[in-house]
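Colleague: with the input below, show me the fold.
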Amino acid sequence: MFMIDTSVGLTICKCFRLNILIKIMGCIISLIIQTCIISFLSAKEIIPPRKVALACVSIHDTSVIEGNTGKKTIYFKVTLDVPSADSNRIVYWFEKSTNDVNGAVRPSDYTATLPYDNIAGSVTFQPGETVKYIPVSIVGDPEFEPDQSFNCVISPGQGVIVCKKRGTCTIINDDAPPKLNILDTTVVEGNQGDVKMYFLVKLKGHCTDYPIKFHCATSPGTAISNDDYDAINGTLTLPANKTYKWIVVNVNSDTVKESHEDFFVTISAADHATIGRNTARGVIQDDDNTDSNVRFYVNNIVKEENSGTARFTVGIYSQSSLTVSVDYSTADSSAKAGSDYYNVAGTLAFVPGETIKYIDVPIINDTIFETKELFSLKLTNPVNATIADYSGLCEIPENDPENKPPKLKFFPSAVQFDENKGPYWLNVEMDHRTNRTVTVDFTTENGTAIAGDDYTATSGTLVFKPYEWRKTIIVTMIDDNIEENEEVFSINFSNITNATFDLNEFQPYPYTGGFFSDSVPNVQAVYIIKDNDHLPFPTPKIISKNYSLSEEYGGSFQLTMDAPSTEIVQFDYKLEAGTATEGVDFESSSGTVYFNRGAMTSNAMLQVKVIDDNVVEPPETIIVKLSNPVNATLSDTVFTYTIVDNDGPKPRLYFEVVESEESQKKIVYVRLVGKATSPISVNYSTVNNTAIAGTDYIATSGTIQFESGSSDFFVKSFEIPLINDDVIENRESFFIQFSNPVNVALPLTQLEYYIIDDDPEMGFVINDTTINEGDINGRYIQVNAMLKNPARTPFRFNFKTANGTATRDNDYYETLGLTIMFEYGNSNRLLLIPIKGDTIPEEVETFTIKYWLEDEQEYQARIATITIIDDDSPTITASTDPAPAPISVEAPKKTTNVFTPNGDGINDLFYLEGIENIPNEITVVSKNGRQIYRQTNYKNDWDGAGAPDGTYFYFLKIQGDDGKMQLKKGFITVLRQQSK
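Modeller: Here you go, the predicted model:
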């Protein structure tokens, strides 16, 4: 619209779209589009056109809480400030937020439907509309991450201007951060230089895509900063997607005799994580100026309540040239100081030549019925010597039988819980009512299950008022999304008053994984937590290779994977023309190929049908395209088959593989059919399939040549050496490929040769096991059942116990007809069998475990022997004469069943505690009986040399107290590479 100045007698001309003003000889002519109006006016100037206001479009910000699973839809609001008379189309697209380094990305964090090449979309305001919405789907996940954002950008068409072009969506994280825990550690001080002490910081929970920075600092305990160790104070970073970090502290070695010392490492101020266990204790064990042959011991004794005094004998195994001393003190067990005996404490000093001292403890006699009670005499703080036996037990037998208390029993004593169910109830009952108040303490104890992570810790005291007979303990499981093995914890009972435990309630139970605490509580109920989260296996990869095939015969090929899968694997294939022509040189085909569960080769061949003709032509190619893999990945999506022409007057080569007399190599015979009119050559090479070069055979390649004039059926050959090993494995194969034929035709371009394994059949074994008897019923012995080769299908066997010199009435609890299953990939099960402890001196006793396969009969059973070592001393008769010094050899207390000789200074040696000063002989053998290591008088110095990673059996002969050699057996696992 144009405006004319009316101050000089001019009028205003209007039209709906556009007015055109023309000045002719002092007059204004107005032309109106659609309607033509001419006005003759007097005017002296034209006023500039007036602007017409346009609608303004804006997009608004929004936010949403992410969620853990699935998708949720949110909307960007788009508005016009005023209605428009026309329709207006607004184009939009998405971009990463420029203000957010952790910006959300599509499609992992959000998705949207964008009809324009998956790049942009649009909304349209109809006349009169002022509000539109753009939908976006937010993808939830359980992983911790910072808040993220992205932008929706709008661009209007004509007739609309932009007031706010970008709208920001903020995705608010609602996932809990992972938790950092730091673990205690111990190191021997050494005499010179620095010793590295490693503290492990572990991440509990989901890995995070972001690095975790945290502060760490040392603080002194009994160790002095920068004297005994080098202080640290700084920041460390746990890389993204890693679950552990080592903190290294330098420990300063010296030759000064001192007590064991400690200091602490504290972690704090973590980003992208929280702190769980924030402080770890580092113990520096002193190793200076101590004669390891001078060792204190204290004996065990039995004394009646009315005997008045219990006398302990404290001695040293060998004389010392120095004065040695040790502190002693009594300690409660089931017997209590002040009611059953009187506390004593002090220091014993042995001058050179002395080997025995005596300590008398007064016993309190009363008329109250009491079961067998125990207290101990503990030795601490040795000077110029070490301690062999840290405590001696005094047993006060049951007395006053006329007031015998009731028995408590609890059930179940061993059971499996589901992680995602519960709570669970443990009932504790009395066999008869009593007019006394009965109490018993209980507390949960970690095994491989950890309180706060896997279950809720509980403890307290059960109080049975007079005539009450049942109480209940409630245990709650903690369900999480972490894949983990079965885990175990226990409820321990102690400090029972006015009652005893009914130990006939104990039952054996099998469980997988982990080792349980060696502590011996009064009574123990064991619980196994079964994980409800899927343990994924690595995704296998389908391996594709280029092949040559004969025009005359075509070919069929079986594809392979680099690892088996627990699921059925499939993929699609399609043959397309390369230089070969479809319908002329080959028949096109497509389809789907499958791999069965556990298989590494496809269950069907990929067929290639070649059209044979009489045309002489060069080698031609067929393109093979792979797509849509399910439960696997593809090494390549495209590879080629090359058709080798068979036309023309060329002679042919045929191939045959035979076994040599040594059976450690294969001979490939190459036979010429037809006369060579010119020199002939062909290249050959081996190619891995399931057999691997360097492991199963020696890679071989070369060229076979026939001179011109070679006659029909002339033969040449080459050899392929095979590698013999002791590894039990399936039938394996490799390919022999022939290529680049010169002046000759190849009916076959590839041979597949199978290697048949000749190692012993796979099987399973339950290890012989030895345990110290103990004094208290209800302790579980852990027996390992090992599968020599993990099955790809569930594997079951039956087992039961049988008497030997140990009997089910006196020494262990009977187990009848349990069936145990090894699940796929599982090679170890742990059986729990309860034994009965006592304080009766007796010979070493044994019982057996009979075990047989599910499809076998009991008479075919194998036998494992369980040996119970008596640890009770004979009753000592009081005498005024000094007791003679006992002559005894301490048996090894502990065997490290797994060691990691990777040179990091931690667990690098196969360690048998207490073995250094005992005559011994050790032999380590592989699973098939091959000797790996042998040593007389072993000194804990084997670093696994000669033993690849794996599990081995050891046979240990040690000299006992009677001077005779005793045989102990077990297994040891060498593990150099550790995954996160």
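Colleague: what are the ranges of the strands in the stretch 451-600 of the chain?
Modeller: 459-464, 470-475, 487-497, 500-501, 509-511, 523-530, 541-543, 547-550, 555-557, 560-561, 569-577, 590-595 (DSSP state E, counting those that start in this stretch).
Colleague: any chance of JSON lines for those, columns distance to residue 821 and mean neighbour count?
Modeller: Every C-beta, even on glycine, is put in place using the N, C-alpha and C of the backbone. Output for the strands of the stretch 451-600 of the chain, formatted as JSON lines (distance: least, Cβ to Cβ, whole Å; neighbours: other Cβ atoms under 10 Å):
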{"stretch": "strand 459-464", "distance to residue 821": "34", "mean neighbour count": "15"}
{"stretch": "strand 470-475", "distance to residue 821": "25", "mean neighbour count": "14"}
{"stretch": "strand 487-497", "distance to residue 821": "18", "mean neighbour count": "20"}
{"stretch": "strand 500-501", "distance to residue 821": "32", "mean neighbour count": "20"}
{"stretch": "strand 509-511", "distance to residue 821": "9", "mean neighbour count": "22"}
{"stretch": "strand 523-530", "distance to residue 821": "13", "mean neighbour count": "24"}
{"stretch": "strand 541-543", "distance to residue 821": "30", "mean neighbour count": "17"}
{"stretch": "strand 547-550", "distance to residue 821": "42", "mean neighbour count": "21"}
{"stretch": "strand 555-557", "distance to residue 821": "38", "mean neighbour count": "17"}
{"stretch": "strand 560-561", "distance to residue 821": "27", "mean neighbour count": "21"}
{"stretch": "strand 569-577", "distance to residue 821": "25", "mean neighbour count": "18"}
{"stretch": "strand 590-595", "distance to residue 821": "25", "mean neighbour count": "15"}
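Colleague: got any ranges where the stretch 251-400 of the chain has weak pLDDT?
Modeller: 255-259, 288-293, 367-369, 398-400 (pLDDT under 70).
Colleague: mind doing that once more with 80?
Modeller: By pLDDT under 80, the low-scoring segments of the stretch 251-400 of the chain are 254-259, 286-294, 319-321, 367-371, 398-400.
Colleague: for it, just list every one of the strands.
Modeller: Going by DSSP E, counting those that start in this stretch, the stretch 251-400 of the chain shows strands at 261-268, 274-275, 279-285, 295-298, 301-302, 309-316, 324-332, 345-350, 356-362, 373-383, 386-387, 391-396.
Colleague: that older thread, and residue 213, which of the strands of the stretch 451-600 of the chain is closest to it?
Modeller: For the strands of the stretch 451-600 of the chain, the distance to residue 213 is smallest for strand 487-497, at 30.7 Å, taking Cβ to Cβ.
Colleague: what packs against the closest one?
Modeller: Applying 3 or more Cβ pairs under 8 Å, 6 or more residues apart in numbering; DSSP states H and E, one finds that strand 487-497 contacts strand 438-446, strand 523-530.
Colleague: helix or strand for the residue lying closest to residue 780 once chain neighbours are set aside, just tell me which one.
Modeller: Spatial nearest neighbour of residue 780, excluding adjacent residues (Cβ to Cβ, 6 or more residues apart in numbering): residue 832 at 4.3 Å. Per DSSP states H and E: residue 832 is located in strand 828-835.
Colleague: any idea which helix or strand comes after that strand?
Modeller: strand 845-853.
Colleague: buried sites along the helix or strand following that next one?
Modeller: Using DSSP H and E, the helix or strand that follows strand 845-853 in sequence is strand 862-869. Judged by neighbour count using 16 or more other Cβ atoms under 10 Å, the buried positions of strand 862-869 are 862, 864, 866-868.
Colleague: between these, which sits nearest residue 527?
Modeller: residue 866 (23.3 Å).
Colleague: which ones are touching that closest one?
Modeller: With contact taken as Cβ atoms under 8 Å, 6 or more residues apart in numbering, residue 866 is in contact with 768-771, 781, 783, 806, 812, 833, 846-849.
Colleague: before we move on, the earlier item: with mean neighbour count and distance to residue 707 added, can I get the strands of the stretch 251-400 of the chain in JSON lines?
Modeller: JSON lines is the format used below for those (neighbours: other Cβ atoms under 10 Å; distance: least, Cβ to Cβ, whole Å):
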{"stretch": "strand 261-268", "mean neighbour count": "19", "distance to residue 707": "77"}
{"stretch": "strand 274-275", "mean neighbour count": "16", "distance to residue 707": "79"}
{"stretch": "strand 279-285", "mean neighbour count": "18", "distance to residue 707": "77"}
{"stretch": "strand 295-298", "mean neighbour count": "21", "distance to residue 707": "84"}
{"stretch": "strand 301-302", "mean neighbour count": "20", "distance to residue 707": "97"}
{"stretch": "strand 309-316", "mean neighbour count": "21", "distance to residue 707": "89"}
{"stretch": "strand 324-332", "mean neighbour count": "18", "distance to residue 707": "91"}
{"stretch": "strand 345-350", "mean neighbour count": "14", "distance to residue 707": "95"}
{"stretch": "strand 356-362", "mean neighbour count": "15", "distance to residue 707": "96"}
{"stretch": "strand 373-383", "mean neighbour count": "18", "distance to residue 707": "88"}
{"stretch": "strand 386-387", "mean neighbour count": "16", "distance to residue 707": "83"}
{"stretch": "strand 391-396", "mean neighbour count": "22", "distance to residue 707": "90"}
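Colleague: so which of those strands comes closest to residue 645?
Modeller: Per Cβ to Cβ, nearest to residue 645 of the strands of the stretch 251-400 of the chain: strand 274-275, 69.9 Å.
Colleague: how far is the closest one from where the chain is centred?
Modeller: Taking Cα atoms, centre = their mean, to the nearest Å, one finds the center of strand 274-275 at 21 Å from the center of the full chain.
Colleague: mind listing what it pairs with, with the direction of each?
Modeller: strand 179-182 (parallel) (DSSP bridges).
Colleague: can you say which of the strands of the stretch 451-600 of the chain is nearest to residue 426?
Modeller: strand 470-475 (4.4 Å).
Colleague: model confidence score at residue 440, please.
Modeller: At residue 440, the predicted lDDT confidence score is 92.
Colleague: do the one 4 residues further on as well
Modeller: Turning to residue 444, the model gives it a pLDDT of 90.
Colleague: please tell me how far it sits from residue 527.
Modeller: Applying Cβ to Cβ, to the nearest Å, the value for residue 444 to residue 527 is 9 Å.
Colleague: got it, and residue 82?
Modeller: 71 Å.
Colleague: same question for residue 587.
Modeller: With Cβ to Cβ as the criterion, residue 587 and residue 527 are 64 Å apart.
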